[in-house]
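Undergrad: Curious how this folds, go ahead:
(chains A and B)
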Amino acid sequence: MRMSNLLLPTLREVPADAEITSHKLMLRAAMIRRLGSGIYSYLPLGLRVLQKVEKIIREEMNNAGAQELLMPALLPAEAYQASGRWDVFGASMFKLKDRYDRDYCLGPTHEELFTQTVIDNVKSYKEYPMTLYQIQTKYRDEARPRFGVIRSREFVMKDAYSFDTSDEGLDESYKKMYDAYNRIFERLGLDFTVVDADSGAMGGSGSQEFMVKSPVGEDGIAYCDCCGYAANYEKAECVNAPKPSAEDGGDMEKIHTPNVHTIEELVSFLGAEPYNFAKTIIYKADDKYIAAMVRGDREINEVKLKNLVGCTDDLELAEPYMVRQLTNAEVGFAGPVGLDIPVYVDKEVETMKNFIIGANETDMHYKNVNIGKDFTPHTVADIRVIEEGDACPRCGKPIKTALGIEVGHIFKLGTKYSNALGLTFQDEDGRSKVVTMGCYGIGVTRCLSAAVEQNNDENGIIWPVSIAPFEAIVIPVNAKNEEQTEAAEKIYNELKAKGIDALIDDRNERPGVKFKDADLIGIPVRIVVGKKIGEGIVEYKERTAQTSDEKTVEAAVDDVVKFVEGKR
RNA sequence: CGGGAUGUGGCUCAGUUUGGUAGAGCACUACGUUCGGGACGUAGGGGCCGCAGGUUCAAAUCCUGUCAUCCCGACCA
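TA: Take a look at the predicted model:
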């Protein structure tokens, strides 16, 4: 590609609406442009990267035996109504009507459609197992689009679905996808971690996420360097870490604690430690109210709690007026004693003796409280958020935590959708049996952001060769020097003849501008044709994170072409 | 959906407090000088100041409403 013909409006200044590095760089490098909140256009450079990512995904999916097809994005409501997700997705789904007032949506994910396709076209056990996939634009009306294409409302997703006649078959199909995903993200040049995950709204039994560790990640992950355990915060199992009890060992006693609402205030007022206190939070679960208790220095894991309670809508904090009504006190004094709603207690609280709780009375707490003696929990379970330094649930060593960008997620769905929609197959014995499913997603456009987020320096993007928009750029230093431009054209043509994605900066710009743009858009190899071309010598340089202290290397023209070839 | 902020040429922003003919830098066009890390000079083009009402002799500026965008939280590839 000739740079003089390329739509590449690079920006010197950072657009004001970009916050994180990858978003800023993708805008500056003219990969994307914003059209609305969470809606982006891909300019030629961005599209090239997108297509390279898609190509890698296709190759690995095809190698794993999956078949590509393409579904519509505009979907009649029926399929989603049948599975119940028309309501479950609710506000997150873009819904619209046609001229006859019929309901449609823009597809947020396609379990229903793939399931229906198999129902319509596959009958016999002989045709299983089968894995189908597509790379397609998805639509989700996100509550808060953010960070450029990391969380956008229109995005490209690779979604795959496996169909098996047995649980063992599902395990096998799942493993194939798991392996393919590892190869894909390795080829994309991402530094990623596979974590156990909650299966959330998708339903089903097991699920894992592919996380790119990054400070701008939206998910918390806990991992152990010793045994390799890794899990999303939502899922990470917690191990009790008992702390010393308060010394006072008498019976439960009500104490006056004026204007003490928070744990911190309580700590300084009573001279106790946060872990001597158990906090009680009132939640609204569907149309019911429940209470949840964790130790004072812990946080409630709402995903675990929601799964435990089994509510279908979102679990949310109870409204303040309801807290007042249920506890007969101002917010901040809730406790389990005398509370007329189910109390879910974190298992760590069971290790506590003589602790302090709210007394359901303004400005009052109880001390010397003990489970069993003073109140009875509805349920005791793991409902807290894991913390850095907690014991690893597998090997007991201290756990580490990080933030991650979720680039892939794989699920064992089981029979959730096949049951709901009626996907069965006829077995050898002529009986009708239910198909078991898996589903496997990759946020394709999100991968671009993740790659940029992980690979950049103060000068711009540093693309891994596998997904770089161009593999090499040829820069004649002086556009008006014929010897230089001719030599540059020759190298460019040789690179192209060898099938290398090459770019030539044939613009009549000063060298500084060309160098800055080449760095910004992150081309892996830069070839500069300058003054020494008379001696048959050009320079080349690799774009790496160590750009500043890496030397350019002089070489003969032919050697440079060979070098670029060797980088692939 | 709660909390905070911002809307002025393609991009970054000043001007709003205290109403009085719309500004700068970058980008763009032409010419000239330059040419190894985002050059310089001269001359140009481009904005109903988010939108709609209102107050006023006069509104980017004051008032009301509305829309949009971003950030912080609850949700997800």
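Undergrad: all contacts plus neighbour counts: C-alpha atoms, from now on.
TA: Will do.
Undergrad: Could you list the domains of chain A?
TA: As given by automatic domain parsing, the domain ranges for chain A are A:3-236+A:401-452, A:253-381, A:470-566.
Undergrad: Comparing those, which yields the minimum mean pLDDT?
TA: When the domains of chain A are compared on mean pLDDT, domain A:253-381 scores lowest, with a mean of 87.
Undergrad: how about JSON lines for the domains of chain A, with distance to RNA strand B and mean neighbour count added?
TA: Converted to JSON lines, those look like this (distance: least, CA to the nearest atom of the strand, whole Å; neighbours: other CA atoms under 10 Å):
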{"stretch": "domain A:3-236+A:401-452", "distance to RNA strand B": "3", "mean neighbour count": "19"}
{"stretch": "domain A:253-381", "distance to RNA strand B": "6", "mean neighbour count": "19"}
{"stretch": "domain A:470-566", "distance to RNA strand B": "3", "mean neighbour count": "19"}
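Undergrad: And the strands in the stretch 201-350 of chain A, which stretches?
TA: For the stretch 201-350 of chain A, the strands defined by DSSP state E, counting those that start in this stretch occupy A:207-213, A:219-223, A:230-232, A:253-256, A:278-285, A:288-295, A:315-317, A:343-346.
Undergrad: Save the ones you listed as a markdown table, and put in distance to residue A:489 too.
TA: Shown next, in a markdown table, are these (distance: least, CA to CA, whole Å):
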| stretch | distance to residue A:489 |
| --- | --- |
| strand A:207-213 | 39 |
| strand A:219-223 | 48 |
| strand A:230-232 | 51 |
| strand A:253-256 | 85 |
| strand A:278-285 | 68 |
| strand A:288-295 | 69 |
| strand A:315-317 | 63 |
| strand A:343-346 | 69 |
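Undergrad: Identify the bridge partners of the residue nearest the centre of chain A.
TA: Central residue of chain A (CA atoms, centre = their mean): residue A:406, 1.7 Å from the mean position. Applying DSSP bridges to residue A:406 gives these bridge partners: residue A:211.
Undergrad: Touching, it and residue A:208? I think so.
TA: No: judged on CA atoms under 8 Å, residue A:406 makes no contact with residue A:208 at a distance of 10.3 Å.
Undergrad: out of everything not next to it in sequence, what's closest to residue A:556?
TA: Taking CA to CA, 6 or more residues apart in numbering, and ignoring the residues beside it in sequence, residue A:556 has residue A:537 as its nearest neighbour in space, at 4.7 Å.
Undergrad: For that neighbour, give me its contacts.
TA: A:529, A:554-557 (CA atoms under 8 Å, 6 or more residues apart in numbering).
Undergrad: let's see 7 Å
TA: Contacts for residue A:537 (CA atoms under 7 Å, 6 or more residues apart in numbering) come out as A:554-557.
Undergrad: Check residue A:151 too.
TA: A:38, A:145.
Undergrad: For it, name its beta-bridge partners.
TA: Assigned bridge partners for residue A:151, using DSSP bridges, are residue A:146.
Undergrad: For residue A:62, see how far away it is.
TA: Separation of residue A:151 from residue A:62 (CA to CA, to the nearest Å) stands at 27 Å.
Undergrad: same thing with residue A:162?
TA: Counting by CA to CA - residue A:162 and residue A:62 are separated by 13 Å.
Undergrad: Excluding covalently adjacent residues, which one is nearest to residue A:81?
TA: Nearest one to residue A:81, counting by CA to CA, 6+ apart, is residue A:87 at 7.5 Å.
Undergrad: May I ask which helix or strand encompasses that neighbour?
TA: Using DSSP states H and E, residue A:87 sits within helix A:85-89.
Undergrad: following that helix, which helix or strand comes up?
TA: Counting by DSSP H and E, what follows helix A:85-89 is strand A:94-97.
Undergrad: hmm, back to that, how far does the helix holding residue A:87 sit from the chain's center?
TA: The chain centroid and the centroid of helix A:85-89 are separated by 21 Å under CA atoms, centre = their mean, to the nearest Å.
Undergrad: Over to stretch A:23-33?
TA: On CA atoms, centre = their mean, the centre of stretch A:23-33 falls 21 Å from that of its chain.
Undergrad: cool, and stretch A:9-26?
TA: Counting by CA atoms, centre = their mean, stretch A:9-26 comes out at 22 Å from the chain centroid.
Undergrad: what about it, start to end distance?
TA: Start-to-end span of stretch A:9-26 (CA to CA) is 11 Å.
Undergrad: ditto for stretch A:302-322
TA: 19 Å.
Undergrad: same question, stretch A:8-21
TA: 19 Å.
Undergrad: Inside helices: which ones of the contacts of residue A:537?
TA: The helices, defined by DSSP state H, take in residue A:557 from the contacts of residue A:537.
Undergrad: Nearest to residue A:42 among the contacts of residue A:537?
TA: The shortest approach to residue A:42 among the contacts of residue A:537 belongs to residue A:557, at 34.5 Å (CA to CA).
Undergrad: And the closest one, how close does it get to residue A:540?
TA: With distances taken as CA to CA, residue A:557 is found 10 Å from residue A:540.
Undergrad: returning to that earlier point: ok, and what's touching the helix holding residue A:87?
TA: By CA under 7 Å, 6+ apart, helix A:85-89 touches residue A:80.
Undergrad: switch the cut-off to 10 Å
TA: Defining contact as CA atoms under 10 Å, 6 or more residues apart in numbering, one finds that helix A:85-89 is touched by A:77-81, A:92-93, A:95, A:104-105, A:108, A:112, A:140-141, A:201-202, A:312-314.
Undergrad: likewise stretch A:481-496?
TA: Residues contacting stretch A:481-496 (CA under 10 Å, 6+ apart): A:1-2, A:471-479, A:497, A:499-506, A:527-534, A:536, A:538, A:557-558, A:560-562, A:564-565.
Undergrad: now, which of those residues lie within helices?
TA: Per DSSP H, the subset of the contacts of stretch A:481-496 in helices is A:497, A:557-558, A:560-562, A:564-565.
Undergrad: could you dump the residues you listed to JSON lines with distance to residue A:425?
TA: Compiled in JSON lines, these are given as follows (distance: CA to CA, whole Å):
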{"residue": "A:497", "distance to residue A:425": "52"}
{"residue": "A:557", "distance to residue A:425": "63"}
{"residue": "A:558", "distance to residue A:425": "61"}
{"residue": "A:560", "distance to residue A:425": "59"}
{"residue": "A:561", "distance to residue A:425": "56"}
{"residue": "A:562", "distance to residue A:425": "55"}
{"residue": "A:564", "distance to residue A:425": "53"}
{"residue": "A:565", "distance to residue A:425": "50"}
